[in-house]
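Engineer: Fold the following, please.
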Amino acid sequence: MTAAPLHPEVYPVEEDTLLLLEAAFAEVRSDDRVLEVGTGSGHIAASLGGRAARVVALDLNPHAVQAARARGVEVLRTDLFAGVRGPFDLVLFNPPYLPTMPDERLDDWLEYALDGGTDGRRTIARFLNDLPRVLASGGRAMLLVSSLTGPGEVARLAEAAGLSGRALLERRIEGESLFVIRLERRADRDD
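Structural biologist: Numbering: from 1, shown residues only. I've put the predicted structure just below:
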């Protein structure tokens, strides 16, 4: 059985998707409550089905929500964590991380999956600030970032949000390096 073609405004399975999925496979536990933020095609959430106690996905793009549902994913249409309560043991996010100047922006849903603001960290900063609210005690998050986004700056944003992180995987793709960072609450901030 082949999957139906994706709507052109849904982020497809790309190398960054597969890198995050690789990290998720290594991290997920059978009793985890997993939340995938920005599910896009639903490939990661669908692939984790049966490997965790529960997998829920989120996306702002109505076409992505439809695509994920078509794959059997439990998905909600929302902006990041808006209206979502935890706790979740494992949170996954392949955010919009491309630095984008205002004159480069397009007015379509795919743009939301790509446009990270002028520094590539606009959505990442919002994610990191709200992550501790939905993360279970002892919970972990996997965040994909690019060398174009400034991993050092992302680490500072995580630290400011009370999170500690370390790079798990790195892959060089088309002139940039992609990293999956494993995040958790700092011991001094665990509540």
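Engineer: list the buried ones in stretch 153-161?
Structural biologist: 154-155, 157-158, 161 (16 or more other C-beta atoms under 10 Å). (Each C-beta comes from the backbone N, C-alpha and C, glycine too.)
Engineer: Out of the residues you listed, which sit inside helices?
Structural biologist: 154-155, 157-158 (DSSP state H).
Engineer: separation between Glu9 and Glu174?
Structural biologist: According to C-beta to C-beta, to the nearest Å, Glu9 stands 22 Å off from Glu174.
Engineer: check contacts around Arg172.
Structural biologist: Leu178 (C-beta atoms under 8 Å, 6 or more residues apart in numbering).
Engineer: follow-up on the earlier one: I'd like to know which of the ones in helices among the buried residues of stretch 153-161 is nearest to Phe179.
Structural biologist: Among these, Val154 lies closest to Phe179 (C-beta to C-beta), at 8.8 Å.
Engineer: quick one, strands of this structure?
Structural biologist: 33-37, 54-59, 74-77, 88-93, 135-146, 163-173, 176-185 (DSSP state E).
Engineer: of all those, which lies closest to Phe127?
Structural biologist: Of all the strands of the chain, strand 88-93 comes closest under C-beta to C-beta, at 5.8 Å.
Engineer: For that closest one, what is the distance to the chain centroid?
Structural biologist: 8 Å (C-alpha atoms, centre = their mean, to the nearest Å).
Engineer: Let me know the pLDDT of Ala67.
Structural biologist: Here, the pLDDT recorded for Ala67 equals 95.
Engineer: What about it, how many residues nearby?
Structural biologist: 26 (other C-beta atoms under 10 Å).
Engineer: Low-confidence stretches in the chain?
Structural biologist: 1-4, 97-118, 187-191 (pLDDT under 70).
Engineer: Glu9 and Glu174: who's more crowded?
Structural biologist: Taking other C-beta under 10 Å, Glu9 and Glu174 do not tie; Glu9 has more neighbours (16 against 6).
Engineer: Pretty sure that one sits against His63.
Structural biologist: Yes. At 5.2 Å, Glu9 counts as touching His63 under the criterion of C-beta atoms under 8 Å.
Engineer: Quick one: residues contacting Glu170.
Structural biologist: Glu170 touches 177-180, counting by C-beta under 8 Å, 6+ apart.
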